[in-house]
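**Student:** missing the sequence, but the structure's below:
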């Protein structure tokens, strides 16, 4: 997951008039990358190199209802955000992916 992607999610939430700003902790990434590259660029990266370690990107990461829980307060968002907005912009379009992921939106990679 990357900072540009989290920033884009916040932009989408603002465009949808959702009163919520999310941070990376809400999505529980194992690796969080900051840099000057487009939002969601990590979707297409074959690998990530950190020092001498190389991590292979195996698939996009589908997101579940836990993204609707504030990681600091433990409160669930009453309208199911940011999952509701992510479903509008980040769901599978390929029929085979739809079979595998259903309505779960993508954000980050595994």
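**Tutor:** Right, received. Where do you want to start? Keep in mind it's a predicted model, so treat the numbers as computed, not measured.
**Student:** give the contact list for residue 21.
**Tutor:** Shown in contact with residue 21 (C-beta atoms under 8 Å, 6 or more residues apart in numbering): 10, 13. Where you see a C-beta, it was placed from the backbone N, CA and C, and this is true even at glycine.
**Student:** how far away is it from residue 50?
**Tutor:** Distance, residue 21 to residue 50, using C-beta to C-beta, to the nearest Å: 27 Å.
**Student:** ends of stretch 26-37, what's the gap?
**Tutor:** Taking C-alpha to C-alpha, to the nearest Å as the measure, stretch 26-37 stretches 21 Å from start to finish.
**Student:** so for stretch 76-85, what gets flagged as buried?
**Tutor:** Under the neighbour-count criterion of 16 or more other C-beta atoms under 10 Å, stretch 76-85 has 77, 81, 82, 83, 85 buried.
**Student:** just stretch 42-62 next, same as before
**Tutor:** Residues of stretch 42-62 classed as buried: 42, 43, 57, 60, 61, 62 (neighbour count, 16+ other C-beta under 10 Å).
**Student:** neighbours around residue 86, how many?
**Tutor:** 21 (other C-beta atoms under 10 Å).
**Student:** what residues are up against it?
**Tutor:** Contacts for residue 86 (C-beta under 8 Å, 6+ apart) come out as 9, 12, 63, 67, 105, 107.
**Student:** so what pLDDT did it get?
**Tutor:** pLDDT recorded at residue 86 is 95.
**Student:** starting at the chain centroid, how far to the helix or strand harbouring it?
**Tutor:** Residue 86 belongs to helix 83-89 when assigned by DSSP states H and E. Between the centre of helix 83-89 and the centre of its chain there are 10 Å (C-alpha atoms, centre = their mean, to the nearest Å).
**Student:** quick one: the residue sitting furthest away from the middle of the chain from residue 109, how far?
**Tutor:** Residue farthest from the centre of the chain, counting by C-alpha atoms, centre = their mean, is residue 52 at 26.0 Å. Noted for residue 52: a distance of 21 Å to residue 109, by C-beta to C-beta.
**Student:** mind listing the helices for the chain?
**Tutor:** With DSSP state H as the criterion, the chain has helices at 3-15, 83-89, 95-101.
**Student:** would JSON lines of those with distance to residue 37 be doable?
**Tutor:** As requested, those are exported to JSON lines (distance: least, C-beta to C-beta, whole Å):
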{"stretch": "helix 3-15", "distance to residue 37": "6"}
{"stretch": "helix 83-89", "distance to residue 37": "18"}
{"stretch": "helix 95-101", "distance to residue 37": "23"}
